[in-house]
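**Student:** structure for the following, please:
(2 chains)
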Amino acid sequence: MESKEQRTERMNAEKGQSKVEAGEVLMEIDNLQMHFPITEGIIFQRKVGAVKAVDGVSFNIRRGETLGLVGESGCGKSTTGRAILQLYRPTGGHVRYKGRDLVQMKGEELRKMRRNLQIIFQDPYASLNPRMTVGNIIGEPLEVHGLAKGKAKQDRVRQLLKVVGLNPNYVNRYPHEFSGGQRQRIGIARALAVEPDFIVADEPISALDVSIQAQVVNLLEDLQSEFGLTYLFIAHDLSVVRHISDRIAVMYLGKVVELADRHDLYTAPMHPYTKALLSAIPIPDPILEEKRKRIILEGDVPSPINPPSGCHFRTRCPLAQEICKTEPAFIEHRPNHFTACHFAEKSLEVLPQPEETVA
Amino acid sequence: MEPLLKVNNLKVAFKTDGGLVKAVNDVNFYLNEGETLGIVGESGSGKSVTSMAIMRLLPTPPAVIDSQSEVLFRGQNLLKLKDDQMRKIRGKEIAMIFQDPMTSLNPVLTIGKQITESLKLHMKMDDKAANRRAIELLKLVGIPSAEKRLGDYPHQFSGGMRQRVMIAMAISCDPKLLIADEPTTALDVTIQAQILDLLKRLRQELGTAIMLITHDLGVVAGMCDRIQVMYAGKIVETAKAKPLYANPRMPYTIGLLNSIPRLDSEGENRLIPIQGLPPDMVTLPPGCPFEPRCAYRQPAVCQSKVPELREVEEGHRAACLFDITKETPIPEQPAPEVVATATDVRTSPAG
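**Tutor:** Numbering: from 1, shown residues only, chains lettered A, B, ... in the order given. Sure, this is the predicted structure:
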């Protein structure tokens, strides 16, 4: 049995690509923008505005790590994931995979690149074709990328089913014959089929029952250590993200407001939004819940069509002042702890501490 | 004191082409005035069907409610009431908040119209008085510039605001009992915190009894006096909130608490998932419904006998044939990998 390193090396050699060491930057996202146009008129569509779903997002993802991307619905986290994979073509910025800019790539070149970059979707009911058998669903990427045909393909599909914990004899069944958790496993097997480096997991457990979620989380962790995968784990559940991620980026209204190592983000959050978000999550422990202080935010998230000037969070922020009308820079306040807030240091002191909110 | 609500031997089944789906199987519980009761369970555990049966909102057929079942609300059996008698209670004495604020409001009526409807019907208010009360209610649930928003349609509100409108409608006639069926599931966490905060405040101000139905063990922890856990249409554990979390006695509850990552723990430990899938409600296992997934199972006993809900400590009841606690070592079962990591988690300090 070859070791993980040998395997990674062999896979890289097969793909004719340079080797990227663990810990090195695998994905470089640089000022990524995804603006969806709003048009008026039927024949002549005039552009009257844009939904700024992702508005200048920058971060790196290192090989072998899991970067958690969290935020509430509408903050642009899923759009970021899709724009990174070029499922949406970004309207600005760069996405470099091993130094090569995916945004500039087109056609065949990009299609070949997709072998390395895969996605697991949120809804296991909508992301599997109901008219295809499980064998065809998982085998399709193998054929598309010319990796295996005929008997070899069948063997590989059976092997993949085993890897994700399903019975290999299920190859001829259809998606409706499986439960939600099992379907998500099929989606994972499909993503794994082409031996990718990088997987975007877009809310992979949100649609599953609580008792099933842990099964899928454990599977994702096992696969990561077995195949040396790099994950961008998108979720709104900060408890799960804390469990699975090495570093975490918090998004609000199209921007990353805080990025830090897991430990720092949960024990010393600097951005007022992160603090509020953490304090809002219920902990299954009545004794702790009695003691915790909540930061209850006023109002709702503003529209991304016309976001507030300067800091996007200022309309709901308990610390907001005049200066917040200018955009705060995304600064490294502590080693590896980036925040975009004028009052990051003050926020650390003034707002309830994590001991009081998270415990 | 007589409890506000008492449910006795509630059994609900649905006739489908695939057979009789036994959604609720002999459920017994009570709720005192002003108390908050949490009902926790996964999808398909029968928690929503229980609440719909109490409100008499299940269409029969396909639903079949057993003739022995009783839902006593202030001593009156709701299941035996005539439709027009029930209509006087529904919305007035017992109100309900539904999960999805997007689909439970009528999109073609202004919210003013929807709130005043029950005021006019139940409280016999005239237009003016009803409008005044509606504005009061909207203010109470924290909707800014309430006067102006009365004429708005549901699509002009955000998800959190719509849920507030739903709550305003529900409390409009001062109900004695409020059934909240997953009131925050469709909402974001910061909005969820707002809504839970609002429910807590209303409970204090109005003294309404609340039945909170959710799948989220975190939400009930901070809200409820008493909690009952449902599995496969049965109540499998019930206790006051603190003992339930500190010392769960039913393997399903223990498994559930072990399988969820907590915000306050670093996550170095592997999660211990509950193996397998929830049972098929058409062909329930003959013995304990949780037996096939239970880490502590003893097939010979568990497959032949249905465990009754029995008192394991004062005020704490669990449906298990054995005295299982968090400390009970998980016996050797065919899933060795899970057993290996189980010890690590148990010995680590919680929180």
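
**Student:** please count neighbours and contacts with C-alpha atoms only from this point.
**Tutor:** Noted.

**Student:** you'd agree residue B:12 is up against residue B:61?
**Tutor:** No. Residue B:12 lies out of contact with residue B:61 (C-alpha atoms under 8 Å); the separation is 11.1 Å.

**Student:** more crowded one of these two?
**Tutor:** residue B:12 (24 against 10; other C-alpha atoms under 10 Å in any protein chain shown).

**Student:** need the contact partners of the host helix or strand of residue A:186.
**Tutor:** Using DSSP states H and E, residue A:186 sits within helix A:180-192. With C-alpha atoms under 8 Å, 6 or more residues apart in numbering or on different chains as the test, helix A:180-192 has contacts from A:118-121, A:123-125, A:127-128, A:134, A:137-139, A:141, A:160-161, A:163-166, A:175, A:199, A:204, A:207-208, A:212-213, A:216.

**Student:** ok, stretch B:317-337 next?
**Tutor:** Contacts of stretch B:317-337 (C-alpha under 8 Å, 6+ apart): B:235-239, B:247-251, B:254, B:288, B:295-296, B:302, B:307-312, B:339, B:342, B:346.

**Student:** any of these buried? List them.
**Tutor:** Buried by 16 or more other C-alpha atoms under 10 Å in any protein chain shown: B:235-239, B:247-251, B:254, B:288, B:295-296, B:302, B:307, B:309, B:312, B:339, B:342, out of these.

**Student:** ok, now which ones touch the residue in the stretch 101-250 of chain B that chain A sits nearest to?
**Tutor:** Nearest residue of the stretch 101-250 of chain B to chain A (C-alpha to the nearest C-alpha) works out as residue B:218 at 3.8 Å. Going by C-alpha under 8 Å, 6+ apart, residue B:218 touches A:281-285.

**Student:** among the contacts of stretch B:317-337, name the ones in strands.
**Tutor:** Here DSSP state E is the test, and the contacts of stretch B:317-337 give B:235-239, B:310-312 as lying in strands.

**Student:** give me the phi and psi for the closest residue in space to residue B:97 that isn't next to it in sequence.
**Tutor:** Nearest non-adjacent residue to residue B:97, counting by C-alpha to C-alpha, 6 or more residues apart in numbering or on different chains: residue B:180, 4.7 Å away. Note on residue B:180: backbone dihedrals following degrees, to the nearest 10 are phi -110, psi 110.

**Student:** beta partners of residue B:180?
**Tutor:** Beta-bridge pairing of residue B:180 under DSSP bridges involves residue B:97, residue B:212.

**Student:** how many other residues sit next to it?
**Tutor:** Neighbour count of residue B:180, defined by other C-alpha under 10 Å: 23.

**Student:** ok, now residue B:68?
**Tutor:** 10.

**Student:** for it, which residues are in contact?
**Tutor:** Contacts of residue B:68 by C-alpha under 8 Å, 6+ apart are B:9-10.

**Student:** helix, strand or coil: sort out it for me.
**Tutor:** Here residue B:68 is recorded as coil under DSSP: H, G, I helix; E, B strand; the rest coil.

**Student:** which pLDDT value goes with it?
**Tutor:** Turning to residue B:68, the model gives it a pLDDT of 88.

**Student:** also residue A:111?
**Tutor:** 90.

**Student:** so what's the residue count around residue 67?
**Tutor:** I went with chain A, as the question did not name one. Counted with other C-alpha under 10 Å, residues neighbouring residue A:67 total 27.

**Student:** ah, no, chain B please
**Tutor:** When neighbours are counted by other C-alpha under 10 Å, residue B:67 registers 12.

**Student:** relative to residue A:73, how far out is it?
**Tutor:** 45 Å (C-alpha to C-alpha, to the nearest Å).

**Student:** repeat for residue B:117
**Tutor:** With C-alpha to C-alpha as the criterion, residue B:117 and residue A:73 are 32 Å apart.

**Student:** checking whichever residue of the stretch 251-359 of chain A sits closest to chain B next. Helix, strand or coil?
**Tutor:** Closest to chain B within the stretch 251-359 of chain A is residue A:284: 3.8 Å, counting by C-alpha to the nearest C-alpha. What three-state DSSP gives for residue A:284 is coil.

**Student:** with adjacent residues omitted, what lies nearest to it?
**Tutor:** In space, residue A:284 is closest to residue B:218, 3.8 Å off (C-alpha to C-alpha, 6+ apart).

**Student:** quick one: secondary structure of that neighbour?
**Tutor:** helix.

**Student:** what secondary structure does the residue in the stretch 1-150 of chain A positioned nearest to chain B sit in?
**Tutor:** Proximity of the stretch 1-150 of chain A to chain B (C-alpha to the nearest C-alpha) peaks at residue A:72, 5.8 Å away. Taken by three-state DSSP, the conformation at residue A:72 corresponds to coil.

**Student:** surely residue B:130 meets residue B:119?
**Tutor:** Yes. Applying C-alpha under 8 Å, one finds residue B:130 in contact with residue B:119, separated by 6.0 Å.

**Student:** circling back: got the contact list for the residue nearest to residue B:97?
**Tutor:** Residues counted as contacts of residue B:180 (C-alpha under 8 Å, 6+ apart) are B:96-99, B:210-213.

**Student:** could you redo the last one with a cut-off of 7 Å?
**Tutor:** Neighbour list for residue B:180: B:96-98, B:211-213 [criterion: C-alpha atoms under 7 Å, 6 or more residues apart in numbering or on different chains].

**Student:** by neighbour count, which of these wins?
**Tutor:** Neighbour max across these (other C-alpha under 10 Å) = residue B:213, 26 neighbours.

**Student:** I figured that one hits residue B:42, correct?
**Tutor:** No. Taking C-alpha atoms under 7 Å as the definition, residue B:213 is not a contact partner of residue B:42, at 10.5 Å.

**Student:** now list whatever residues contact both of these two.
**Tutor:** Counting by C-alpha under 7 Å, 6+ apart, nothing touches both residue B:213 and residue B:42.

**Student:** report the mean per-residue pLDDT for stretch B:190-206.
**Tutor:** pLDDT averaged over stretch B:190-206 gives 84.
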